[in-house]
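1. Got a sequence here, can you build the structure:
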Amino acid sequence: MSESIYPPAQAHLARMRHDLAPETEAAFVAFNRQVFADGALPAKVKQIVAVAVAHVTQCPYCIRGHTKAALRHGVSAEELMEAIWVAAEMRAGGSYAHSQLALAEIEAFAATASQPSEDA
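-> Next up is the predicted model:
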């Protein structure tokens, strides 16, 4: 069962996306070029960041595209894997940090449950 909810990139779908909103697509392409151009961060570092973020957002197209771009910019497999581990920790860290919300509710519920009822 190799069927996926993510279709492979197809030229006719890219053409359709362009034809339905050409100005918006042109603006997005220009934005993309600007974002990933050398600046305060070199393009290589930006691609490492993109690979990590793509793993957090779980976009398979972004993972593939930015991994390829990172490799073209000279990023090593070790650098990419380290960035992916940072992304994994950040994703898990959110659950860990936000557990305080659930713990506070558990504590509040326990405090209310242990109070005598006014009906008694």
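2. What segments of this protein are helices?
-> 11-20, 22-35, 43-57, 60-72, 77-113 (DSSP state H).
3. Out of the ones you listed, which gets nearest to Ser4?
-> helix 60-72 (8.3 Å; CB to CB). In this view, the C-beta of every residue, glycine as well, is placed from N, C-alpha and C.
4. pLDDT of the closest one, averaged?
-> If you average the pLDDT over helix 60-72, you get 97.
5. CA atoms only for it, dumped as CSV, please.
-> Extracted in CSV, the C-alpha atoms of helix 60-72 (Å, rounded to 0.1, in the frame of the first residue of the first chain):
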residue,chain,number,x,y,z
PRO,A,60,6.7,16.5,3.3
TYR,A,61,7.1,18.8,0.4
CYS,A,62,9.1,21.3,2.5
ILE,A,63,11.2,18.5,4.0
ARG,A,64,12.2,17.2,0.6
GLY,A,65,12.7,20.6,-1.1
HIS,A,66,14.6,22.2,1.7
THR,A,67,16.7,19.1,2.3
LYS,A,68,17.7,19.2,-1.3
ALA,A,69,18.4,22.9,-1.2
ALA,A,70,20.5,22.5,2.0
LEU,A,71,22.6,19.8,0.4
ARG,A,72,23.1,22.0,-2.7
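6. and it, what other elements does it pack with?
-> Packing contacts for helix 60-72, counted by 3 or more CB pairs under 8 Å, 6 or more residues apart in numbering; DSSP states H and E, involve helix 43-57, helix 77-113.
7. Any stretches of this structure with poor pLDDT?
-> Applying pLDDT under 70 to the chain picks out residues 1-2, 119-120.
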